[in-house]
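Colleague: kindly return the folded structure for what I paste below:
(2 chains)
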Amino acid sequence: MYDSELVDSPAYQRIKQVYFGRADRHFTLKRGKTLLEQGEFNDKLYLILEGVIVGYQSIDDEPVEIFRSGPDMFIGLQSFFGRSHRSYSKVVAETECSMAYIELTTPAEDEYQYGSLIEQFNPVIVNALVTRQLRSSHAALEKQRTQKRLIQAEKMSTLGQLSAGLAHELNNSIGVLARKSEYIGEFFEQYLRERETKQFAFFKSGLTEGQRLSSSEIRQRTRDFQSKLGVSKDTAKLLAKMASTMDDVSVLDKQVLKSLEQVASFWQLGVDFHDMQVAAKHATGIVKSVKILGGGNFERTHDVSVTESIEQALSLLKSNLRPVHLDVKWAELPLIYGNLTELIQIWVNIIKNACDAMEQAGTEAPQINVKTRLLNGYVAVVITDNGPGIPDDLKDKIFQPNFTTKKNGLQFGLGLGLSIVLRLVERYSGRIVLNSAPGKTTFSVTLPIRERDGQN
Amino acid sequence: MDKINIICVDDQREVLDAVVRDLEPLEQWFNIEECESADECLTLMEELDDEGAMIGLVISDHVMPGKSGVDMLTEIASDSRYRFTRKILLTGLASHQDTIDAINGAGVDRYFEKTWNPEELIAACKGLLTQFVLDSGLDYQTMLGALDVQVLYQSGRM
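Modeller: Model (predicted):
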């Protein structure tokens, strides 16, 4: 807080010149030197000509900064003009300071024209009062903000601990289900391989492929089989489903048609095991993400590495990124004010979204580029993919909660992914910009190195 | 008389398969169709209607890529061809507002949460299909095994 509205006023300029212009009342204060101790007797009024002076009050034996003054600001106004003549704070030079002063005994200059010393200093005193008023209301506001953030952080960390515990428990149960269904599947496979070759082929095909054709394709093939083979609709549907993983010749074999019900139930059994394993894999993935994203602490510190947060996000998404060509260009970045888990959340959600979009669209040679850059006071992270792009009419919607275009079931984003990203980026007073066309979609996130409010 | 149709809609194939399997006991009397999206279901309904087939019941998930279940059921509700068609919403993720829309806009008859109880689902289907048969003025005598006796009784037919 270096601004003094007085600087341009003629009254101040006169005071500065008349009272603080004399070289015999100038001195230099070395960096770290104490000008006044808290409670010390003071009969001088100081003006800072150059440098920075900081005032501390000792609260519970802890020095707490209560003001910070620069050139053209006064020190000791209260003890000089007040009655106590005691300094209410410890005053220390933060940098080497060039100072000027007057004493209680200094006589008023041109009293006849400008009035007594106090009258002459009136504008200075009023300005100091206003500044202090502003300073204290600013502090109150900052305190309220900090409190809010603390409550939020507390909530998040309780939620995080809860979900981490929950995730751990679920992980164990899902693990058991996944393993046991695999065992039973393997047992059946072995059993059938040795005894029932024909059923084995159907079971195996259901197990490895699941049902591959879409419901509308099945409907079409059901009609075909119905008219070609003259079988009932139910039979034709069964055949169509099985034919989705096996070639027509083996499905339409006369022997098979004769004992259709029987082989079909083995095919279905195979599909059931397949589905169980797909479901278990989904669940495991969700639980893993909840554990990592929910379990962190949400306190912000000044030493968070954006680079590390991206690295962690990329390693979290290893399995998603396996088919993707990844290209990362790092810039040397300063540490920022923030929270590692929150930053990881931002990148995970954007990158995961890109992976899903490309997988769903069947993008050939899928590629993701991550680039970091240092701008003036900001860190920029640009994430580009060569997926299908986001249609114009969806560009606004994708940041809304519960919006999803994902086909492969509800994955861990639950349609919340990008809404979380937007919320987090906004909480950092950052910006997110989306540019998208088929073959190139770019999310640019800029985060301030220091939070705009409160910090410097 | 052609079998009355039941259409199940869910974008997740494994879930769709599970619903259809649970409804197997009804296959003797009803034709069960599977759809993986709302648009596929609406197209299928057009086709079935063109063929003169009847659609007794639609069971749909809500959160799906493309059109949502509630939006689709709302469209069905405002189409006079399907005025007797009964509707079940079967979902694991619907907000408070979605639920309000489902009741006020789509006139959903039953709401099931995933994971569902198969017996309850079948019982609900039977009850709703019985109402469909009665509303449509169909001969219910041949389908007695599939219908809900309680509903028939309350209607004064038994």
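
Colleague: when you work out contacts or count neighbours from here on, use the C-alpha atoms and nothing else.
Modeller: OK.

Colleague: where does the residue of chain B found nearest chain A land in three-state SS?
Modeller: Minimum separation of chain B from chain A (C-alpha to the nearest C-alpha) falls at B:Pro65, amounting to 4.3 Å. With DSSP: H, G, I helix; E, B strand; the rest coil as the basis, B:Pro65 sits in coil.

Colleague: for the lengthiest helix in chain B, packing partners?
Modeller: What stands out as the longest helix in chain B, according to DSSP state H, is helix B:118-135. In terms of contacts (3 or more C-alpha pairs under 8 Å, 6 or more residues apart in numbering or on different chains; DSSP states H and E), helix B:118-135 is packed against strand B:55-60, strand B:86-91, helix B:149-154.

Colleague: pLDDT score for A:Thr405?
Modeller: Looking at A:Thr405, its pLDDT stands at 63.

Colleague: er, A:Gln161 actually
Modeller: 68.

Colleague: go on, A:Met276?
Modeller: The model's pLDDT for A:Met276 equals 88.

Colleague: for it, grab phi and psi.
Modeller: Backbone geometry at A:Met276, expressed as degrees, to the nearest 10, gives phi -60, psi -40.

Colleague: which SSE is the residue lying farthest from the centre of chain A in?
Modeller: Distance to the chain centre peaks in chain A at A:Tyr112, reaching 65.0 Å (criterion: C-alpha atoms, centre = their mean). Assignment of secondary structure by DSSP states H and E places A:Tyr112 within helix A:111-114.

Colleague: so which residues make contact with that helix?
Modeller: A:Leu117, A:Gln120 (C-alpha atoms under 8 Å, 6 or more residues apart in numbering or on different chains).

Colleague: and the next helix or strand past that helix?
Modeller: helix A:117-195.

Colleague: just to revisit the earlier point, how far away is the residue farthest from the centre of chain A from A:Gln120?
Modeller: 11 Å (C-alpha to C-alpha, to the nearest Å).

Colleague: distance to A:Val124 added to the helices and strands packed on helix B:118-135, as CSV?
Modeller: As requested, the helices and strands packed on helix B:118-135 are exported to CSV (distance: least, C-alpha to C-alpha, whole Å):
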stretch, distance to A:Val124
strand B:55-60, 75
strand B:86-91, 70
helix B:149-154, 90
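
Colleague: flag the shaky bits of the chain, pLDDT-wise.
Modeller: All of this refers to chain A. Along chain A, segments meeting pLDDT under 70 span A:1-5, A:152-161, A:244-252, A:285-286, A:288-298, A:319, A:400-417, A:451-456.

Colleague: that's the wrong chain, I wanted chain B
Modeller: Using pLDDT under 70, chain B drops low at B:1, B:93, B:158.

Colleague: show me which residues of it sit near chain A.
Modeller: B:Asp11, B:Gln12, B:Glu14, B:Glu34, B:Cys35, B:Glu36, B:Glu40, B:Val63, B:Met64, B:Pro65, B:Gly66 (C-alpha under 8 Å from any C-alpha of the partner chain).

Colleague: filter those residues to the buried ones?
Modeller: B:Asp11, B:Gln12, B:Glu14, B:Glu34, B:Cys35, B:Glu36, B:Val63, B:Met64, B:Pro65 (16 or more other C-alpha atoms under 10 Å in any protein chain shown).

Colleague: quick one: residues contacting the fourth one.
Modeller: Right, the one you point to is B:Glu34. By C-alpha under 8 Å, 6+ apart, the residues touching B:Glu34 are A:Ser215, A:Ser216, B:Ile7, B:Cys8, B:Val9, B:Leu16, B:Val20.

Colleague: give me the neighbour count for the fifth one.
Modeller: Neighbours of B:Val9 under the rule other C-alpha atoms under 10 Å in any protein chain shown: 29.

Colleague: pretty sure it contacts B:Cys35?
Modeller: Yes. Counting by C-alpha atoms under 8 Å, B:Cys35 is a contact partner of B:Val9 at 4.8 Å.

Colleague: need the distance between the two termini of stretch B:28-45.
Modeller: This stretch, stretch B:28-45, spans 21 Å end to end (C-alpha to C-alpha).

Colleague: whoops, I mixed them up, stretch A:74-82
Modeller: For stretch A:74-82, the end-to-end distance is 14 Å (C-alpha to C-alpha).

Colleague: buried sites along it?
Modeller: For stretch A:74-82, by 16+ other C-alpha under 10 Å, it's A:Phe74, A:Ile75, A:Gly76, A:Leu77, A:Gln78, A:Ser79, A:Phe80, A:Phe81.

Colleague: in strands, which of those appear?
Modeller: A:Phe74, A:Ile75 (DSSP state E).

Colleague: would you reformat the buried residues of stretch A:74-82 as CSV and include distance to chain B?
Modeller: Output for these, formatted as CSV (distance: C-alpha to the nearest C-alpha, whole Å):
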residue, distance to chain B
A:Phe74, 60
A:Ile75, 60
A:Gly76, 61
A:Leu77, 61
A:Gln78, 60
A:Ser79, 63
A:Phe80, 65
A:Phe81, 64
